[in-house]
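Colleague: show me the folded form of this:
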Amino acid sequence: MSNTIKIGSAQAAIVSARGAQMLRSLAEKVASLADENAQLRAHLEQRQHEDSVRELAHEMESKGLNAEMSFEEKVAHISQYSDLSLIRQAVGMAAGGEVRFAKVADAPGRGAVDPLTELCLGAD
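Modeller: Next up, the predicted model:
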């Protein structure tokens with residue numbers, strides 16, 4: 001059993017006009033939300049970049065790198081770069097205020113000579 005509703009051409013025109021109006025309204029709303037979303041994404045990316053810059057500047061401070069620069073100067077200098085990967089690698093590789101020649105392994109030395117003494121005096 002089928003329930004079919006018949007409408008006249010005047011009613012069909014009204015429904016069609018309302019549907020078109022609703023579609024235009026929804027299209028405008030979607031465009032507006034897409035713009036807002038893009039703005040929020042840009043703001044979030046900027047904020048993440050600023051946080052990364054400050055984190056790198058703090059790490060430089062803790063390692064004593066570019067000691068002649070203030071924290072704010074380091075932040076301003078690092079902020080100039082959009083890709084922080086190379087700066088992050090350089091800061092990570094930098095030794096903070098110390099000179100490293102080599103690591104002395106936790107391996108037993110020969111006889112009574114410890115690995116540090118053996119490194120300094122050379123092998124017999």
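
Colleague: confidence-wise, which helix or strand of this structure is lowest on average?
Modeller: The weakest-scoring helix or strand in the chain, judged by mean pLDDT, DSSP states H and E, is helix 115-121 (a mean of 71).

Colleague: centre-most residue in the protein?
Modeller: A centroid search over the chain (Cα atoms, centre = their mean) returns Q48, at 5.1 Å, as the residue closest to the centre.

Colleague: which helix runs longest in this protein?
Modeller: Secondary structure of the chain read by DSSP state H shows that its longest helix is helix 9-63.

Colleague: ok, then the element right after that helix?
Modeller: As assigned by DSSP states H and E, the chain's next helix or strand after helix 9-63 is helix 71-79.

Colleague: other SSEs contacting that following helix?
Modeller: Where contact means 3 or more Cβ pairs under 8 Å, 6 or more residues apart in numbering; DSSP states H and E, helix 71-79 is packed against helix 9-63. All C-beta spots, glycine's among them, are computed from the backbone N, C-alpha and C.

Colleague: go again using 10 Å as the cut-off
Modeller: When contacts are defined as 3 or more Cβ pairs under 10 Å, 6 or more residues apart in numbering; DSSP states H and E, helix 71-79 packs onto helix 9-63, helix 85-93.

Colleague: okay, the angle between the last one and helix 71-79?
Modeller: By that I understand helix 85-93. Counting by axes from the mean of the first three to the mean of the last three Cα atoms, to 10 degrees, helix 85-93 lies at 130 degrees to helix 71-79.

Colleague: what does helix 85-93 rub up against?
Modeller: Residues from elsewhere that reach helix 85-93, judged by Cβ atoms under 10 Å, 6 or more residues apart in numbering: 52-53, 55-57, 59-60, 62-63, 65-66, 77-78, 81, 84.

Colleague: please repeat the previous calculation with a cut-off of 6 Å.
Modeller: L56, E59, M60 (Cβ atoms under 6 Å, 6 or more residues apart in numbering).
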